[in-house]
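Novice: give the three-dimensional model of this entry:
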Amino acid sequence: MAEEPATEEYEIRQATLDDEEAVVDLTSRIWTDRGGDYIPRIFDRWIAGDGERQRTFVVDVVGSDDIAALLQCVLLSEHEAWAQGMRVHPDYRGQGLSTRINDAAFRWARERGATVGRNMVFSWNVGGLGGSRAAGFDPCTEFRWAQPTPDADAEPVLDIVGSDGDETAGSYATDAAWAFWTASDTRVDLKGLALDGDESWAVSELTREKLRRAADEDRLFVVRDDGTRGFTYRNRTYERPTDDGEEETWAEYAVGAWADLDACKSLFAAVARDAASVGAEKTRVLIPESARWVSDVAASRVGVSDEPDFVMAADLTKDRFA
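Specialist: Okay, here's the model as predicted:
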């Protein structure tokens, strides 16, 4: 792909390690009231994955050492692109740079077959929401994190079916979960999306193959009571620093889907038990954002994140991304 042509002031190009100092300056005044931006801590690792499936873009201020804007685009599947890390330097806001860098990233993704691009914006980030709409995104869905406490002794109210290394049980669990998902209100509310298995803090379409892989690896849990009543699967475990600099293990579950309150209680009991089995100290489970789902979790005596997150989506078949 040809790089974006230079204007009198700006040039859009691929980021390099030489940009680190300027990127730190760009982000140093962002989210200071919320602990600061994470990008300066990971920039070198963040761009190390750039290649055919990922590209990090910057807006270079011509004739200056400044970086005016930053954005990374990742291909999550053959047709899904994910935009993340959109940042605009406070000194260069109000000039449409977020739209220009986003367009460049999505043209790159469209050239590689993507037909939809998504991003995630924290609900409190009003500026980010406005910038996303200006850049061609439309509202897609919203979610919260349910946060059950790991507990090896948690007892589900209803039966839980997993693969447990049994190929027959794994196939059954896959098919049961997929049938439940395709007919569920959860799928409708989440627009068919769940946490991506490879890219952290990203969502992509939930497929039968993803469920099959989870079943094969004993990570899929199906709630049963005279039929399938819900399911979840462990997406990954990871280490996350605490406020005092220590590390704690988190278990992450790609989506929680259930039919009623008893199924909800059983699902989160299964999560608590599974999280304890992998040594996790904290958990998070993606759930749809609505009074129904959040109140079910609350009634199950499970913690819920304070604020929702919003997912936006852009149609990359539009002419502007050609």
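
Novice: each with direction, which strands does the helix or strand where A313 lies pair with?
Specialist: Here A313, judged by DSSP states H and E, is contained in strand 309-315. When sheet partners are counted by DSSP bridges, strand 309-315 sits next to strand 116-122 (antiparallel), strand 138-147 (antiparallel).

Novice: need these in CSV with mean pLDDT, can you?
Specialist: Below are the strands paired with strand 309-315 laid out as CSV (pLDDT from 0 to 100):
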stretch, mean pLDDT
strand 116-122, 96
strand 138-147, 98
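
Novice: now for the spatially most central residue of the chain: which residues touch it?
Specialist: Central residue of the chain (CA atoms, centre = their mean): A202, 2.2 Å from the mean position. Residues near A202 by CB atoms under 8 Å, 6 or more residues apart in numbering: 74, 76, 82, 84, 118, 120, 195-196. In this view, the C-beta of every residue, glycine as well, is placed from N, C-alpha and C.

Novice: for it, grab phi and psi.
Specialist: phi -130, psi 150 (degrees, to the nearest 10).

Novice: the one 5 residues further on now?
Specialist: Dihedral angles phi and psi of T207 (degrees, to the nearest 10) take the values phi -120, psi 160.

Novice: the one 3 residues further on too?
Specialist: Recorded main-chain torsions at K210 are phi -60, psi -40, according to degrees, to the nearest 10.

Novice: begin at 199, not 1, for the rest of this chat.
Specialist: Happy to do that; since the first residue is 199 now, the last one works out to K408.

Novice: ok, it touching L393?
Specialist: No - counting by CB atoms under 8 Å, K408 stays clear of L393, with 10.0 Å between them.

Novice: overlap of the contact sets of those two?
Specialist: In contact with both K408 and L393: A452, using CB under 8 Å, 6+ apart.

Novice: circling back: show me which residues of the strand holding A511 are buried.
Specialist: 507-512 (16 or more other CB atoms under 10 Å).

Novice: same question for stretch 382-391.
Specialist: Of the residues in stretch 382-391, those buried under the neighbour-count criterion (16+ other CB under 10 Å) are 382, 384-385, 387-388, 390-391.

Novice: please parse the protein into its domains.
Specialist: The record's domain parsing of the chain by automatic domain parsing lists 208-312, 342-504.

Novice: S330 is nearest to which of those?
Specialist: Closest approach to S330 among those (CB to CB): domain 208-312, 8.0 Å.

Novice: for the closest one, measure first residue to last.
Specialist: Start to finish, the residues bounding domain 208-312 are 26 Å apart (CA to CA, to the nearest Å).

Novice: in this protein, which spans are helices?
Specialist: 218-225, 237-246, 295-309, 324-332, 365-380, 383-387, 406-414, 459-475, 489-497 (DSSP state H).

Novice: of all those, which one is nearest K516?
Specialist: helix 295-309 (9.3 Å).

Novice: other SSEs contacting that closest one?
Specialist: strand 208-212, strand 252-259, strand 265-273, strand 278-286, strand 314-320, helix 324-332 (3 or more CB pairs under 8 Å, 6 or more residues apart in numbering; DSSP states H and E).

Novice: ok, now with 10 Å
Specialist: Counting contacts by 3 or more CB pairs under 10 Å, 6 or more residues apart in numbering; DSSP states H and E, helix 295-309 is packed against strand 208-212, strand 252-259, strand 265-273, strand 278-286, strand 314-320, helix 324-332, strand 507-513.

Novice: can you point out the buried residues in the worst-scoring helix or strand of the chain on mean pLDDT?
Specialist: In the chain, the helix or strand scored least confidently by mean pLDDT, DSSP states H and E is helix 365-380, which has a mean of 87. Neighbour-count burial for helix 365-380 flags 367-368, 370-376, 378-379 (criterion: 16+ other CB under 10 Å).

Novice: nearest to L224, of those?
Specialist: Of all the buried residues of helix 365-380, L224 sits closest to W379, with 40.3 Å by CB to CB.

Novice: for the closest one, which residues are in contact?
Specialist: 385, 388, 390, 392, 404-406, 409, 426, 428-429, 453, 455 (CB atoms under 10 Å, 6 or more residues apart in numbering).
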